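>>> What follows is a protein structure lacking sequence information:
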């Protein structure tokens, strides 16, 4: 750098930072931890939402930690594809507590707390450099603490912390900060090599967590150029091996990004680089506004919609050009300020510039790391203003009061925002209210209504989504499922066919259409669609199970058994597949094997009436009549209108000569299901004997 650099208070050598007393550091860290717990104490009961269902609940690769490469190999066509570290973290959660949501939230909060502590460490060591400390006129320790606390409790962070799936953002953010922190520590340590190795390792882990990590080596270089060295040549001379190591992590990222288009990234008809860039001008200004005043916060801003007129984006673009120019000028004349501005723009660049992310052009979690720049400028600016207006003692007192008040306000707003995440219904109703032109919000509100059985209300929401976006394949698919539940089978088939017309590679629509056709008695067509679903998504346990049911109904028992077994390899705790496999094995005479699967189904779900009924039939085949009677009776306690169990119980009564009990149960079975031919035949046989 030129001689102006020293005049601005930037160290020209990697001097150790004059750190504060240890007790101050411990106290500061404790404040950050307590602030985070206060802000997020009510997040632990938030259920799985939106992408959580596919990335966690229906993700077979997280169900086992060993062999480890399976946990590091997420499904190719999923949101977690190309992010093995995130997938492994989910596998750890599953190993600790299955699908108990509190454990996932505890992990997310722990990551956020560690990120806040790491940010605190970076800032206090940076502010402790001699001339920066003089310019602040107050302890850099307290300035760093104020920034870290405000960043930690800011409600704009809720999406990255409270929404489980978005740990990919917060976990990447932690590795990003650790990459820089390890570099800073390496500058100050006589054993700098160990810290530099840790920096490269953190960078590699970040690359395997989320693609935004691509900018981390550049920010480390810029930090070196701004706060340590005098030129890029000096950077490369002194830390060349470190930068080579950091740059090598791009190779890992490049390998993992193969097939990234599965997540809706890239150009497609109707999306141009300039159109998306204009959209992102407005998005970035929205982020900046929310960083200053976080209202309204919106869970989902919807799909990409081109800006109709250039004039609509011109004000946002002009402001951004001015700000970006200011950052470039500051990097020359006020490097410390320039670095903070660059932190904001560089980290946002991969998701908010030219490369389209049509499925999610605006996402609040993208401000997870850039928010640190806004918080830093705000606090440092307030300190500078206080220095001009007040004495040092007055400034410290007023700063503590003002900073504490802002932190309390932000914590309160974060607690309130977490309440919006209380359920699928609350978060999607909130989203529809704040973003009424978002078809995805209506679609997901429909799903939230459909799951607890509010079918008619769900149909209204799906239809509204289609009024906004008629070619919305997912809404057609979900509307079809709701219509089927409402007993409108022909319309359901029509909607699922329309979904497949719009999105032929939708495994879910193939599966649903297969289910519709099976309900309509068109079993051969149903089998074809189940097979298509499995070609698209081979690890769908539900599709294997339903294909097994259709094949068994066709008498193709060996094929059915194979699909049930495959369903259980994918999802061993799938009680329905355990029961269905037991039924198929019983029909081919493998009675003892069938008993084992029925018993496993009942271990998974003790109130599974069909498994009790099937186990009763298997025990009857072994001559264990009284045991069979006990299971039939248990099935009927769970499901009193279970006609098949009543018929089977009647057969068991016949075996021990209890004719009146048999007649009673046959008659009851026929009252429930008049077309149960076997019961009618058995009843006629007993009456003929009398």
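Looks like it came in fine. Computed from a predicted structure; not experimentally measured. Numbering: from 1, shown residues only.

>>> Need the residues that contact stretch 86-101.
Contact partners of stretch 86-101, identified using C-beta atoms under 8 Å, 6 or more residues apart in numbering, comprise 44-48, 55-57, 59, 61-65, 68, 71-74, 80, 103-104, 107, 164, 167-168, 171, 209-210. Every C-beta, even on glycine, is put in place using the N, C-alpha and C of the backbone.

>>> go again using 6 Å as the cut-off
Residues outside stretch 86-101 that contact it (C-beta atoms under 6 Å, 6 or more residues apart in numbering): 47, 56, 62-63, 65, 71-72, 74, 80, 103-104, 107, 168, 209.

>>> ok, now stretch 457-474?
If you take C-beta under 6 Å, 6+ apart as the criterion, stretch 457-474 is touched by 439, 442-443, 445-446, 449-450, 475, 478-479, 482, 499, 502-503.

>>> Where does the nearest residue to residue 495 once chain neighbours are set aside sit, in terms of helix or strand?
Of all residues not flanking residue 495 in the chain, residue 480 sits nearest, at 3.3 Å (C-beta to C-beta, 6 or more residues apart in numbering). Using DSSP states H and E, residue 480 maps to helix 473-485.

>>> Show me what counts as buried in that helix.
Across helix 473-485, burial judged by 16 or more other C-beta atoms under 10 Å covers 473-484.

>>> gap between that helix and the chain center?
Helix 473-485 sits 23 Å away from the centroid of its parent chain (C-alpha atoms, centre = their mean, to the nearest Å).

>>> Also stretch 282-297?
Chain-centre distance of stretch 282-297: 22 Å, with C-alpha atoms, centre = their mean.

>>> what do you get for stretch 107-124?
20 Å.

>>> what about it, average pLDDT?
Taken as a whole, stretch 107-124 has an average pLDDT of 97.

>>> do stretch 623-641 as well
Stretch 623-641 comes out at a mean pLDDT of 96.

>>> and it, which residues are buried?
With burial defined by 16+ other C-beta under 10 Å, the residues of stretch 623-641 counted as buried are 625, 627-632, 634-636, 638-639.

>>> any chance of the residues you listed in TSV, plus distance to residue 404 and secondary structure?
Putting the buried residues of stretch 623-641 into TSV (distance: C-beta to C-beta, whole Å; DSSP: H, G, I helix; E, B strand; the rest coil) gives the following:
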residue	distance to residue 404	secondary structure
625	76	helix
627	69	helix
628	71	helix
629	71	helix
630	66	helix
631	65	helix
632	68	helix
634	61	helix
635	63	helix
636	64	helix
638	57	helix
639	60	coil
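
>>> ok, those residues vs residue 385, which is closest?
Residue 385 lies nearest to residue 638 out of the buried residues of stretch 623-641, by C-beta to C-beta, at 70.0 Å.

>>> re earlier: among the contacts of stretch 86-101, which one is most surrounded by other residues?
residue 209 (28 neighbours; other C-beta atoms under 10 Å).

>>> following the helix ranked longest in the chain, which helix or strand comes up?
Counting residues, the longest helix in the chain under DSSP state H turns out to be helix 392-420. Counting by DSSP H and E, the next helix or strand C-terminal to helix 392-420 is helix 424-434.

>>> Give me the contacts around the very next helix or strand once past that following helix.
Where DSSP H and E defines the elements, the next helix or strand beyond helix 424-434 is helix 439-450. With C-beta under 6 Å, 6+ apart as the test, helix 439-450 has contacts from 300, 302, 424-425, 428, 431-432, 435, 457-458, 461-462, 464-465, 468-469, 472, 474-475, 478, 482.
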